Every structure is written in C-alpha cells, then in structure tokens.
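Asker: dropping a prediction and its sequence here:
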Amino acid sequence: GHFDPGLISYIQYQYHQCHVTQPLLLEQLREFGINISSGQVNRILVDGNCYLHDEKDEILNVGLAISSYINTDDTGARHDGKNGYCTHVGNSFFAWFGSTSSKSRINFLTLLQAGNVGFCLNDDAFEYFKREKLPLGIISLLQDNGAFIFTEEEWKKHLEQLAIVAPRYVRIATEGALIGNLFRNGFNRDLVIISDDAGQFNILLHALCWVHAERLIHKLVPYTDEQRVALNEILDRIWNLYRALNQYRENPTPTAKDDLEKEFDNIFQAETCYLTLNIALGRLFKNKKELLLVLERPDIVIHNNASESDIREYVKRRKISGGTRSDNGKKSRDTFTSLKKTARKLKVSFWKFLNDRNSGQNMIPRLGDLMREMALNTC
C-alpha cells in the first residue's frame, strides 16, 4: 500500500499494454532505484483490483444490451498447467474476455448470462428441446415438473432425481435451461451472433463469417489447369459477391436483395470440372441462411474480423508467458485485456484510464456509460 497510484498504473500498463514480463519489469524498476520485491509486483498485477473487475463485468452487460450483433471466437489459454480456453465477445463498441476450462455450448451460454447464471424451464427452453430433438419422453418428464428457476447445483440434482443421466440428454436439457434463463432475464432476441462456424456458437440468431467461409474454397489444391481456372473463377465471383453484400449494407433495396440471393445460388450451386470444388460449394450452400442473414439484417457485419483482431492478444500472451497460475491471475488477465481493448474502441487512453481509476479520481466516465453514449451517437 505504500506505492503511489502512478507507479501502480505504470506497472499495470507495462505488463498488460507493452507485454513486459514480470522479471524484466522487476529489473527495470530496480534500475530506476525503486525498492520493490517480485512478490509486490505480482500483487499489484493480480490482487486488489475489485473495482476494475466490476467495471469489466459491466462491459458485457451493457454490450449485450446496446448491440444488434456480437462477434465471438475462442482460443487456447492455459491455466495452472492445464489447457483452457478464452472466449471473446465484442463488436465495435466493446471487447470482453472470459477464460474457462471448456469451449462447449454450455460454457458459451453461461458466459452470455453475464453473471446472472440460472437454469429456467420455460417455453423458450422447451422450444430448444424440440429443435434439438430431445426425446419426447424426456421433454414430458421435464414439463410435468413445472417451470422452475434453478441454481447450478439445484439443476444437477433435479436432473438426477428425474433419472436424466445420459450425457446427450443432460447436455441438451442444460443448454435449453440456460437459454430459457437468458430470455427470462431480458436477453435481446434479435441479437445476431457472428462466428466462424464453430458449433458452440451456432445458437439463437446466428450468422457466419464470409472470410472463414471463403477459406474452405481457398485452401483447395487443383491438379490441372482446368481445375485451377475453375477455382480462380469461383473465388473471383465469391469476392465480388462479398463486396456487393457490403454495398447492400449501405443501401439495402428489395431489387438488390433478390439479385444477391440469385447470385449466391448461381455460385454455390455451380457445377464445375473440379469435383472437390463442387462438394465444397455444396457444403457452403447449406449455410445459405446464415451467410445471407445480412439481407434481412443490413445492420450486421459479414465477417468476424473484430474477434480475430481482439483475441490475438491472447495468442501473443500465450507465446510470451505460457499461461496463468492462480485464479486471481486468470481473472486479472481477462479484466485488463477487456478494459484495454474496450478503451481503445472508445478512444480512451488506457494509460489515463489506469491513472484515473488507481488514483480514485474517476474523472473518466465508466466505460459502460461511454459505450451507451457511443451507441446513441452511432444510431
């Protein structure tokens, strides 16, 4: 407690913004003539940042409330010597990160609860059960016990009491109950989730990234000149359609919508001399609804670049330090990365932000309030 806010901010900034490792940071501080231990440096980085954790949690709550779409992705994030994952949720207003031991759909739905985790058996839950083809006997068993709201421990006991123990049934029931609780808490039903087609994100109103879709075609290796010509022609048509979809977002019209849908059909139902290309095109054609959701929702983007860019932070951190060791360390990594990336999107200096919060001046508005203001100005 005897280090002033300026030094605390400097240590946090060097580590989280400049990626200076703790040993190098300690050496630097001692060369400056500062008498500080390695344990104290670690405590400044890891402990006693409750006010920052609270602001980080607020980012997700506000972001989900003000947004018409979110980008999402995940990457590896080791913790305590074990493989783990970090999930990114964000868009042009914010970036939020949560590290867990799983990358399942249950994990993603739990993160979207934004701290209000619960399991609710309501109409939304049962609609999900039917869509995921949960056996009618299991659905009836859950319906006969009424609509309840459970904690995680209560939910597990409830399933056990009903003898619902098969992994697939437990998974679908848990996913549906989480979705039920999401909507019970006012989750935006029109919120579009944009991803790279990873299965855990394919829920609710879902759109696919065109850049990732194109990679399925781009990675093909033709063996003849005819196949090479066919592949290049298809790639050119795909990118022309991509540009046309972006133009449509700026000026959506019924005529343009019909023309773009027809062009999509012509491209992805094409029969070329390259059989492997035809199969890949057919696979993408099955995702027509998710790739062309922009025709119904021109407010969304058609790529997942925001997540790709934001989550690269964890790839760099993984290369530098490998992973976190303590739960507080993992929590701090997520918090500082979320605050830093969100501040950047809001045009707020991260250095000034840290000084402001550590000094207790709080002259810079809370990031959640700035997000709301930015959303209003964007409308």
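Answerer: Okay, I see it.
Asker: quick check, pLDDT for the closest residue to Tyr15 other than its chain neighbours.
Answerer: For Tyr15, ignoring the flanking residues on the chain, the nearest one in space by CB to CB, 6 or more residues apart in numbering is Leu45 at 5.6 Å. Backbone N, C-alpha and C define where each C-beta goes, glycine included. Per-residue confidence at Leu45 stands at 94 (pLDDT).
Asker: begin at 27 from here
Answerer: Got it, first residue is 27 now, which makes that one Leu71.
Asker: quick one: residues contacting Leu71.
Answerer: Ile37, Gln38, Tyr41, Gln48, Gly355, Ser358 (CB atoms under 8 Å, 6 or more residues apart in numbering).
Asker: from these, which is closest to Lys183?
Answerer: Comparing the contacts of Leu71 against Lys183 with CB to CB places Gly355 closest, at 32.4 Å.
Asker: thought that closest one was touching Asn75?
Answerer: No: Gly355 is not in contact with Asn75 according to CB atoms under 8 Å; the separation is 11.2 Å.
Asker: outside of the biggest strand by length in the chain, which residues touch it?
Answerer: Longest strand of the chain, by residue count under DSSP state E: strand 95-102. Contact with strand 95-102 is made by 89-90, 109-117, 129, 134, 217-222, 224, 226-227, 233, 323, 325-327, 330-334, 337, 340-341, 344, as judged by CB under 8 Å, 6+ apart.
Asker: circling back to that earlier point, Gly355 and Asn75: which is more packed in?
Answerer: Neighbour count, other CB atoms under 10 Å: between Gly355 and Asn75, Asn75 has more, with 22 against 18.
Asker: okay, the more buried one and Pro31: tell me how far apart.
Answerer: Going from Asn75 to Pro31 by CB to CB, to the nearest Å gives 13 Å.
Asker: what residue in the chain is the furthest from its centre?
Answerer: Centroid-distance maximum for the chain: Gly59 at 42.3 Å, with CA atoms, centre = their mean.
Asker: which stretches of the stretch 127-276 of the chain form helices?
Answerer: Here the stretch 127-276 of the chain has its helices, by DSSP state H, counting those that start in this stretch, at 131-138, 149-157, 162-169, 178-187, 193-210, 236-244, 251-276.
Asker: do you know which of those helices lies nearest Gly349?
Answerer: Here helix 131-138 is closest among those (CB to CB), at 17.9 Å.
Asker: next structured bit after the longest strand of the chain?
Answerer: Per DSSP states H and E, the first helix or strand lying C-terminal to strand 95-102 is strand 104-105.
Asker: just checking, what packs against that following strand?
Answerer: Strand 104-105 sits against strand 349-350, with contacts defined as 3 or more CB pairs under 8 Å, 6 or more residues apart in numbering; DSSP states H and E.
Asker: state the mean pLDDT of the strand it packs on.
Answerer: 84.
Asker: so what strands line up beside that strand?
Answerer: Using DSSP bridges, strand 349-350 pairs in its sheet with strand 104-105 (parallel).
Asker: show me what the helix or strand following the strand it pairs with is packed against.
Answerer: Following strand 104-105 in sequence order, the next helix or strand is strand 111-116 (DSSP H and E). Secondary-structure packing of strand 111-116 (3+ CB pairs under 8 Å, 6+ apart): helix 76-92, strand 95-102, strand 121-126, helix 131-138, helix 331-347, helix 353-371.
Asker: who does the first one touch, helix- and strand-wise?
Answerer: Packing partners of helix 76-92 (3+ CB pairs under 8 Å, 6+ apart): strand 111-116, strand 121-126, helix 353-371, helix 376-385, helix 393-404.
Asker: the ones you listed into CSV, with extra columns for distance to Lys315 and mean pLDDT?
Answerer: Shown next, in CSV, are the helices and strands packed on helix 76-92 (distance: least, CB to CB, whole Å; pLDDT from 0 to 100):
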stretch, distance to Lys315, mean pLDDT
strand 111-116, 22, 96
strand 121-126, 27, 96
helix 353-371, 30, 95
helix 376-385, 40, 97
helix 393-404, 27, 95
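Asker: possible to save those as JSON lines with distance to His244?
Answerer: Listed next are the helices and strands packed on helix 76-92 as JSON lines, based on distance: least, CB to CB, whole Å:
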{"stretch": "strand 111-116", "distance to His244": "24"}
{"stretch": "strand 121-126", "distance to His244": "27"}
{"stretch": "helix 353-371", "distance to His244": "28"}
{"stretch": "helix 376-385", "distance to His244": "36"}
{"stretch": "helix 393-404", "distance to His244": "33"}
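Asker: how about those, which one is nearest Phe145?
Answerer: With distances scored as CB to CB, the stretch of these nearest to Phe145 is strand 121-126 (17.4 Å).
Asker: now the angle from that closest one to strand 111-116?
Answerer: Relative orientation of strand 121-126 and strand 111-116, computed by axes from the mean of the first three to the mean of the last three CA atoms, to 10 degrees: 160 degrees.
Asker: which helices and strands does strand 121-126 pack with?
Answerer: Counting contacts by 3+ CB pairs under 8 Å, 6+ apart, strand 121-126 is packed against helix 76-92, strand 111-116, helix 131-138, helix 331-347, helix 353-371.
Asker: out of these, which one sits most buried?
Answerer: Among those, ranked by average contacts under mean count of other CB atoms under 10 Å, first place goes to strand 111-116 (a mean of 26).
Asker: what's in contact with that one?
Answerer: Strand 111-116 has contacts (CB under 8 Å, 6+ apart) with 86, 89-90, 96-103, 121-129, 133-134, 137-138, 332-333, 336-337, 340, 360, 367-368.
Asker: pLDDT weak spots in this protein?
Answerer: Scanning the chain for pLDDT under 70 picks out the ranges 27, 172-173, 405.
Asker: now Trp377: closest residue in space that isn't a chain neighbour?
Answerer: Tyr39 (5.5 Å).
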